[in-house]
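>>> Just need the structure, nothing else, for what follows:
(chains A and B, ligands or ions: 2)
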2 protein chains.
Amino acid sequence: MKSVFKKSLSLTVLASSLLSLGASAAPANDPATLGQIRDSAMNSDWAYERLADLTDLVGPRLSGSVGAQAAVEQVSAAMRKLGAKVTLQPVKVPHWVRGEEKAEVVEYAGRPNGVTQKVVLTALGGSGATPAAGLTAPVIVVHSFEELKAKGAQVKGSIVLFDVAFDQEMADRGQAGPAYGAGSRIRTQGPRLAAEMGAAAALVRSVGGANYRIAHTGATGLVDGARIPAAAVTAEDAMLMSRLSARGPLKLHLTLTPQTLPDADSFNVIADWPGTDKADEVVIVSGHLDSWDLATGAHDDGTGVAGAMGVIETLKKLDLHPRRTIRVIAWMNEENGTRGGKAYFEANKDKLDKHFAAIESDEGGGRPFGFIASVTPQMVKYFAPLKTALDPIGAGVFQRHDQAAGADIGPLERAGVPSFQPLVDASFYFSYHHTPADTLDKVSPLELKRHVAVMTSLSWFLANMDENIGRVAKTD
Amino acid sequence: MKSVFKKSLSLTVLASSLLSLGASAAPANDPATLGQIRDSAMNSDWAYERLADLTDLVGPRLSGSVGAQAAVEQVSAAMRKLGAKVTLQPVKVPHWVRGEEKAEVVEYAGRPNGVTQKVVLTALGGSGATPAAGLTAPVIVVHSFEELKAKGAQVKGSIVLFDVAFDQEMADRGQAGPAYGAGSRIRTQGPRLAAEMGAAAALVRSVGGANYRIAHTGATGLVDGARIPAAAVTAEDAMLMSRLSARGPLKLHLTLTPQTLPDADSFNVIADWPGTDKADEVVIVSGHLDSWDLATGAHDDGTGVAGAMGVIETLKKLDLHPRRTIRVIAWMNEENGTRGGKAYFEANKDKLDKHFAAIESDEGGGRPFGFIASVTPQMVKYFAPLKTALDPIGAGVFQRHDQAAGADIGPLERAGVPSFQPLVDASFYFSYHHTPADTLDKVSPLELKRHVAVMTSLSWFLANMDENIGRVAKTD
Ligand SMILES: [Zn+2]
Ligand SMILES: [Zn+2]
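Ligands and ions are numbered 1, 2, ... in the order given. Coordinates of the predicted model:
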């Protein structure tokens, strides 16, 4: 998953936010050191090796699973091996387990005797279950919440299909986040609305740009007491049911048997690379360790975790020690609860003034062009040395936004901690995200090196800045 | 499936085979009529509607299935409605039924306690079965038959994985057929070789260019008595097992429970549009009606069947009656036995001299550029009017080859009947072919119109030619 906010890769933004010359770098932020960091990251396979360990050896790591626990142990061990100070912060996480999942259209106009049409789907996280033998109900196809509401009493006892296509062209234009936001709104809110109206089950067209008949899972916002079966169907099968419904009424036989188990014990992995004279202040650099269960979460968010881990590897190799503590966090439970981010905020809410900045990478391992920051417009000029250091690898773009947080650092961000994330090409991210195809082979080793270069340069720079970049807390 | 032969979309071929002017068209082959045919096809949705009926209402149609029988009935009814003379030619077909299919890597170096890695796969047509509870065996990864042979006694009791990547770049260069040929050779011959060496099961890397973790099925050449379990794994899972095997030995737990049932009764659908003064001579225009079971066979070979059906619709609409009989055939069992093509040949081997030409379309519904013909070089010039008629829709390319047959018309072709097929852009065909993603939404309605224009123009032209284009039978 990822936070959704307006952003653009457009280079016009670059032009308007070009860093002015003459900003004074902190002594530790000299160009030579920043150049060393960049070059070291661009020459290291270490982060990719960690990503391979995480995806090939551990694999899927949905909260509460044996994989999630193995990931906590693997990342902790790798961080300890580098000499980082590792803490496991306990987090109680939701424990939802996928079951059997299958469906077929069993009645439709023009159906030859004995023929049914298979529908490929996958349960959404938090879905309720059908009876073990499945349920059969009429399908109502809608394209918006308004259209659903207009159906009124018809919805009761029916299976609602939200057939809303992902806007891949928008994603291709550099607006992947907003394209995903529009689709994920249907996924998170649609099933609950359908449940409130008495639907027997809810289906959403997969939120993603792939056209290879794969289903994209994700969390949905069902609540206890109205936890109807809810699944994502492939784009192909949503289109099939829409076409069949244009020929006449249709019925689906649906079997989904996921289980919601008691909350499980898990952890945020926190690895500190201690600061020097300002060691009590921290700069967080992070990704989320949990993944959906369908694949090995290579892009979502293996690249974020491996990128953050690579920060410490780079600094250790160069024997660099920042003024502030650089805190790598591998968050638990971003995908279906954000419990890790919430637990960290609760434990640290009296120390927010000691949180200088927070970085999270959760838009996949596409090519990084620079970074996005929620600093005030007045602060932009102080980041000029980073542009100079990262331009040689094509990653010097700086975008300012009022909110730039990943989901896990959202509570910190809303409390006024400046947040940062790499600015990456996410045009293909939502083709793989939350599907069985989010696997190691999709990650470019070169782009991951760039990713580490951006994450390390930015972490180092923030940890040594003289200027106070603190913001005022959001009031909304 | 499709026949495999060398061909190229390269326009240099066009240049060297450009039709000379001055060829004398038969009276019925006047430019005005050819233009009417082209324009009528380009303005008709009829073939696409038939493709929608075939894929949405019937769906998958593997030989012996209820879908295959429904397809026979649907196509027959549509052809009768146009006034064609329909015959159902009985064909005994193999009846293979997919069962449960799943696999996971249960042992590998570096495996955290309790963790296994899922492998996505699908049984190959003709695969044998594992015990119902599956089997567990070491995996041996090889990249060629030679490498397998070199493994010797190690193979006994192991699961052999042929990890040979599909060459998508070759397909993108217009060499999709040869790229597929290289891969399908592994798929058809590899499992049998592994069985001969005592392997417990055989896996092939999917033969196709998709990178969305989908498995590509297809026929394999196992023989009774050595029918080991055989499956295609996704490219991603082949790469995973290769990477894990580089870390140390691994074991797979594999469950495949397909069944080979007794041969079933089925049919070729033969629909004649009778000729006038040469009605006893026939021009076949065809596609195959069966499909793999994973999808609705929209490209493979729904477009071939719909394109052939569209020939009669176009001629009927224009009230055109050719000198020779135009015979639309929807072949049964191309995918796993070619029994339909063989049965037709057996029934007609005394009438080969009455088979003027045979067309088969089985490379999908990508953009047509013209056609490929197995006529002699001396005959090329007589096809000039077709180029004139089809150039305005970008489909006037003529390629001559020594063998241009689809699989079903192969026996006719080898006996000397000139064979033809549309020349199409197949660069993406093998990304969808034999996968769950070969669905209606992948077919462009516009390209299907072009397809009908090429098929109808070519059929009509052949059915009215004065020149004898007969070849000498192949001796090999
Ligand atoms: Zn994520
Ligand atoms: Zn085919």
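>>> Quick check: the gap between the residue lying farthest from the centre of chain A and ligand 1.
Farthest-out residue of chain A from its mean C-alpha position, per CA atoms, centre = their mean: A:Asn113, at 45.3 Å. For A:Asn113, the distance to ligand 1 (CB to the ion, to the nearest Å) stands at 46 Å. The C-beta positions use only the backbone N, C-alpha and C, and glycine is treated the same way.
>>> Next up, phi/psi of that residue, please.
Torsion angles at A:Asn113 (phi, psi; degrees, to the nearest 10) stand at phi -50, psi 130.
>>> And stretch A:190-210, what's buried?
By 16 or more other CB atoms under 10 Å in any protein chain shown, the buried positions in stretch A:190-210 come out as A:190-195, A:197, A:199-210.
>>> could you say what helices and strands the biggest strand by length in chain A packs with?
Taking DSSP state E as the criterion, chain A has its longest strand at strand A:259-273. Applying 3 or more CB pairs under 8 Å, 6 or more residues apart in numbering or on different chains; DSSP states H and E, one finds that strand A:259-273 makes contact with helix A:66-81, strand A:85-97, helix A:303-317, strand A:324-331, helix A:339-348.
>>> Pull up the pairing partners for that strand, direction included.
Here strand A:259-273 is paired, per DSSP bridges, with strand A:85-97 (antiparallel), strand A:324-331 (antiparallel).
>>> what's the angle between the first one and helix A:339-348?
This points to strand A:85-97. With axes from the mean of the first three to the mean of the last three CA atoms, to 10 degrees applied, the angle from strand A:85-97 to helix A:339-348 works out at 140 degrees.
>>> quick one: strand A:85-97 to chain centroid distance?
For strand A:85-97, the distance from its own C-alpha centre to the chain's C-alpha centre is 17 Å (CA atoms, centre = their mean, to the nearest Å).
>>> can you pull out the strands in the stretch 1-150 of chain A?
Using DSSP state E, counting those that start in this stretch, the strands of the stretch 1-150 of chain A run over A:85-97, A:101-107, A:117-119, A:121-123, A:135-142.
>>> Mean pLDDT added to those strands, as JSON lines?
What follows is the strands of the stretch 1-150 of chain A, written out as JSON lines (pLDDT from 0 to 100):
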{"stretch": "strand A:85-97", "mean pLDDT": "98"}
{"stretch": "strand A:101-107", "mean pLDDT": "98"}
{"stretch": "strand A:117-119", "mean pLDDT": "98"}
{"stretch": "strand A:121-123", "mean pLDDT": "98"}
{"stretch": "strand A:135-142", "mean pLDDT": "98"}
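>>> Out of those, flag the one nearest ligand 2.
Closest to ligand 2 of the strands of the stretch 1-150 of chain A, according to CB to the ion: strand A:117-119, at 20.1 Å.
>>> coming back round to it: including mean neighbour count and distance to ligand 1, could the helices and strands packed on strand A:259-273 go into JSON lines?
Output for the helices and strands packed on strand A:259-273, formatted as JSON lines (neighbours: other CB atoms under 10 Å in any protein chain shown; distance: least, CB to the ion, whole Å):
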{"stretch": "helix A:66-81", "mean neighbour count": "20", "distance to ligand 1": "14"}
{"stretch": "strand A:85-97", "mean neighbour count": "18", "distance to ligand 1": "15"}
{"stretch": "helix A:303-317", "mean neighbour count": "27", "distance to ligand 1": "7"}
{"stretch": "strand A:324-331", "mean neighbour count": "28", "distance to ligand 1": "9"}
{"stretch": "helix A:339-348", "mean neighbour count": "20", "distance to ligand 1": "12"}
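>>> could you dump those to a markdown table with distance to ligand 2?
As requested, the helices and strands packed on strand A:259-273 are exported to a markdown table (distance: least, CB to the ion, whole Å):
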| stretch | distance to ligand 2 |
| --- | --- |
| helix A:66-81 | 40 |
| strand A:85-97 | 40 |
| helix A:303-317 | 39 |
| strand A:324-331 | 48 |
| helix A:339-348 | 50 |
